[in-house]
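Trainee: Turn this into a structure:
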Amino acid sequence: MRITVKRNIAVFSIVMMLFGVLFVGSNTVYAAGGTSDEEAVSLIMTVTEASVKSSFGKNYSIYKKGNMVTLNLWQDGVAAGAYGVAAGLVDKKEWDNMTETIRTSIATVLYDALEPYGVHANVNILNDYNTDNVLVSYLDGVKVYDALE
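Mentor: Numbers count the residues shown, from 1 in each chain. Modelled structure (predicted):
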């Protein structure tokens with residue numbers, strides 16, 4: 001689980017960093033060129049979806065409601081890893097390292113891309129056995145919920 005999650009996060013981070021350098025840094029140029037904030041947010045979502053799809057396959061959903069973009073991710077073994085930590089079979093430090101990596105590499109990167117347009121970013125790591133259950137949630141790059149804390 002750990003190697004796959006880190007590889008997926010690395011791919012996502014590289015794509016979003018390149019996107020950030022190419023697009024977010026030139027907000028004024030795009031605004032002057034006639035691109036609206038809605039178009040910019042839509043483009044950010046499209047790039048995010050392409051990156052997530054290449055990293056997580058079909059294990060994601062992304063949508064916008066009002067001024068909030070929500071990205072849900074799940075991966076085989078995440079719930080088992082959480083159970084292992086809760087049962088004392090896996091060192092909690094591994095879980096904490098994973099959640100911090102997701103925060104810095106996905107949640108914060110997405111928020112940094114959306115923030116110039118007044119849009120918030122909610123990133124959820126879902127239970128892969130039941131995707132109605134959230135294991136970890138981030139709002140605007142800040143961890144606001146962790147099922148193991």
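Trainee: average pLDDT for stretch 43-50?
Mentor: Confidence over stretch 43-50 (mean pLDDT, whole number) is 93.
Trainee: The helix or strand where Ala113 lies: how far from the chain's middle?
Mentor: Taking DSSP states H and E as the criterion, Ala113 maps to helix 108-114. Distance, stretch centre to chain centre, for helix 108-114: 9 Å (C-alpha atoms, centre = their mean, to the nearest Å).
Trainee: repeat for stretch 140-149
Mentor: Here stretch 140-149 shows a centroid-to-chain-centroid distance of 12 Å under the convention C-alpha atoms, centre = their mean.
Trainee: in stretch 135-149, what's buried?
Mentor: By 16 or more other C-beta atoms under 10 Å, the buried positions in stretch 135-149 come out as 135-141, 143, 146-147. (C-beta placed from N, C-alpha, C; glycine too.)
Trainee: where exactly do the helices run in this protein?
Mentor: Residue ranges of the helices in the chain, as given by DSSP state H, are 2-22, 27-32, 37-56, 78-86, 92-102, 108-114.
Trainee: Where among these is average confidence lowest?
Mentor: helix 27-32 has the lowest average pLDDT among the helices of the chain, namely a mean of 41.
Trainee: Looking at the buried residues of stretch 135-149, which are in strands?
Mentor: Among those, the ones falling in strands (DSSP state E) are 135-139, 143, 146.
Trainee: Could you report the pLDDT at Glu149?
Mentor: Glu149 is given a pLDDT of 92.
Trainee: That one and Leu135: what is the separation?
Mentor: Relative to Leu135, Glu149 is positioned 11 Å away (criterion: C-beta to C-beta, to the nearest Å).
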